[in-house]
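Undergrad: This is a predicted model, with the sequence first.
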Amino acid sequence: MSLLDDTIVAISTPLGFSGLGIVRLSGKDSFKIAEEIFVPKNKSKILSHLKTFTTHLGYIVEDGKVIDEVLVTIMRAPHSYTCEDVVEFSCHGGVWVLKKVLELCVKKGARIAEPGEFTKRAFLNGRIDLTQAEAVCDLIFSQSEIQNQIFVNSLLGKTKQNIQKIIKDIEEIMAVINLGIEYPQEDDSQNIDYLCVSRDIMRVKEEISVLIENSKKITPILTGINLAIVGKVNVGKSSLLNMLLSYDRAIVSEIPGTTRDTISETINLNGLPIRIVDTAGIRQHQQDIIEKIGMERTKDAIKQADIILFVLDGSIEIDENDFLVAEFISEEVKKVNNKIVLLVINKNDKPLKIFDNFNKFKDLYKKVFFRDIKDPTEINKEAVFISCLRKEGIRDLQQKISDIFDISKKLNTQDVNEGVFVTNLRQLDILEKVYLYVSNSLTKELPKEAEIVAEDLRNALVELKKIIGIDITEDVLEIIFSRFCVGK
Ligand SMILES: Nc1nc2c(ncn2[C@@H]2O[C@H](COP(=O)(O)OP(=O)(O)O)[C@@H](O)[C@H]2O)c(=O)[nH]1
Ligand SMILES: [Mg+2]
């Protein structure tokens, strides 16, 4: 049986207690199944005869007993989400009701859909390409206006068009090269302007390069960034988390070692999703096994972080515990070169003592940033001074973080509007392979090495087609669609 032979059903809305909930059927038996469980209020209506894109009032009925009063929407193949016959029951959004309607559909012959299976069908039936299918899922998980813009453009086919354009360009170049290979002796081949061919390949390479560069710029927006709040005990890490979240998420107390586990929450900073992790404080003499485990988790958070807020207490001198933290951070910074560390000096409401022993501070600074500083004025520019007690400095801190990752400065709005990028790491990885093949082809001599050039371009084409989902394996599809919601 083909993947598309059966009729699938799913609850397309989250299970909970809500005003409405949707149960959706798709497949060749959708109308037949719907007719067996749905009785129209106007009894003269026959569901399978109703016009497409129309909605009708009626009842879900089991053994003559009414289960719910619902609206049913009919969408006929091929002009539906999946290109198949689709029926949507808009029910009351109770868990029991929705599960019951689902169960009845299954009883009448439907199969419960896999996550993303409706969208997968839309893809397999050729209504959308793979980039559009992926955009559906990303759109659902979007958390900011900029994410929304990026994914909705992709959903409308911008990414697909960009890739199709490159495919077409390469196919045209290949047609010329293949002509030269096929008829090497004939006059025609003498007329091939190989300089022009090379120039065309270079143009394609440039096109791909722009796409890659733009895509890299929006990566933080797509994937969000990880931020770890790190420091010794009692410097105010949990207070800072609470301030960034604008509510009291973590327990704050003067007892050192209050936060024993990592706590993580996501905020949206000017469109940038940031996962903040508040960590257990680091100190030399841990009190017990739980604190030891907490410290391990802190190390892990440092490892995962794109940006580390190294929090210091400005009202006391640097001590050995700050050095221990610096040690942890430095180990990871050395390993990965794009990890960002930001010094945050807290308790600015109290007299500043952190620079009293400036040599110590210099040593600490060097440990993390691998360079010397001369005097505190340098730090004044670089670090962010805050007071969680007085809620001061938080704006500066947010601004600084936002500036570091802010794509609006790096990306012009026209590019955002035109969707000149790919929208996830799968697509980007493939595009980088394509770039290599195309670059490689340019190192060859034409027409002498025409066969190798053609081979490189052919490989580039195969990869490009994977982005939009041509000749893609079932395993890859499964991975892509498994991250979807059920019912989409
Ligand atoms: N004076 C002052 N005290 C603060 C400030 N921020 C935090 N504290 C206090 O420092 C102690 C430790 O704070 P907490 O956030 O639990 O630190 P953590 O151990 O690093 O998570 C608590 O008593 C806080 O009230 C601040 O900006 N100024
Ligand atoms: Mg804490």
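TA: Sure, I can see it. Residues are numbered from 1 along each chain as shown. Ligands and ions are numbered 1, 2, ... in the order given.

Undergrad: give me the low-pLDDT residue ranges for the stretch 301-450 of the chain?
TA: Within the stretch 301-450 of the chain, the stretches with pLDDT under 70 are 407-413, 415.

Undergrad: can you pull out the strands in it?
TA: Here the stretch 301-450 of the chain has its strands, by DSSP state E, counting those that start in this stretch, at 307-313, 340-346, 384-385.

Undergrad: Comparing these, which comes out most buried?
TA: strand 307-313 (a mean of 25; mean count of other CB atoms under 10 Å). Backbone N, C-alpha and C define where each C-beta goes, glycine included.

Undergrad: Which one of the residues in the stretch 101-250 of the chain is closest to ligand 2?
TA: Of all residues in the stretch 101-250 of the chain, Ser238 sits closest to ligand 2, at 3.2 Å by CB to the ion.

Undergrad: Serialize the strands of the stretch 301-450 of the chain to CSV and add fields for distance to ligand 1.
TA: Below are the strands of the stretch 301-450 of the chain laid out as CSV (distance: least, CB to the nearest ligand atom, whole Å):
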stretch, distance to ligand 1
strand 307-313, 7
strand 340-346, 5
strand 384-385, 10
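
Undergrad: returning to that earlier point: I figured the residue of the stretch 101-250 of the chain closest to ligand 2 hits Asp278, correct?
TA: Yes. Between Ser238 and Asp278 there is a contact at 5.4 Å, judged by CB atoms under 8 Å.

Undergrad: Those residues of the stretch 201-350 of the chain touching ligand 1, which are they?
TA: 231, 233-239, 252-254, 258-259, 281, 346-347, 349-350 (CB under 6 Å from any ligand atom).

Undergrad: Buried among those residues? Need that as a selection in ChimeraX.
TA: Those of these that count as buried under 16 or more other CB atoms under 10 Å are selected in ChimeraX with:
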select :231,233,234,235,236,237,238,239,252,258,259,281,346,347
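
Undergrad: re the thing from before, what's the overlap in contacts for Ser238 and Asp278?
TA: By CB atoms under 8 Å, 6 or more residues apart in numbering, Ser238 and Asp278 have these common neighbours: 250, 259, 263.

Undergrad: just the helices in the stretch 1-150 of the chain please.
TA: Using DSSP state H, counting those that start in this stretch, the helices of the stretch 1-150 of the chain run over 30-37, 95-107, 117-124, 130-141, 145-155.

Undergrad: the inter-axis angle of the third one versus helix 130-141?
TA: Taking axes from the mean of the first three to the mean of the last three CA atoms, to 10 degrees, one finds that helix 117-124 is oriented at 160 degrees with respect to helix 130-141.

Undergrad: Which of the shared contacts of Ser238 and Asp278 fall within strands?
TA: Counting by DSSP state E, the part of the shared contacts of Ser238 and Asp278 found in strands is Ile263.

Undergrad: As TSV, the shared contacts of Ser238 and Asp278 with pLDDT would be great.
TA: Formatted as TSV, those follow (pLDDT from 0 to 100):
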residue	pLDDT
Ala250	82
Thr259	81
Ile263	87
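
Undergrad: could you dump the shared contacts of Ser238 and Asp278 to TSV with distance to Lys400?
TA: Below are these laid out as TSV (distance: CB to CB, whole Å):
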residue	distance to Lys400
Ala250	22
Thr259	24
Ile263	22
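
Undergrad: Of the shared contacts of Ser238 and Asp278, which is the nearest to Gly27?
TA: Minimum distance to Gly27 across those is 45.0 Å, recorded for Ile263 (CB to CB).

Undergrad: Who are the contact partners of that closest one?
TA: Counting by CB under 8 Å, 6+ apart, Ile263 touches 238, 241, 249-250, 277-278.

Undergrad: Switch those residues over to JSON lines; also include distance to Leu309.
TA: Formatted as JSON lines, those follow (distance: CB to CB, whole Å):
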{"residue": "Ser238", "distance to Leu309": "12"}
{"residue": "Leu241", "distance to Leu309": "10"}
{"residue": "Arg249", "distance to Leu309": "16"}
{"residue": "Ala250", "distance to Leu309": "14"}
{"residue": "Val277", "distance to Leu309": "10"}
{"residue": "Asp278", "distance to Leu309": "10"}
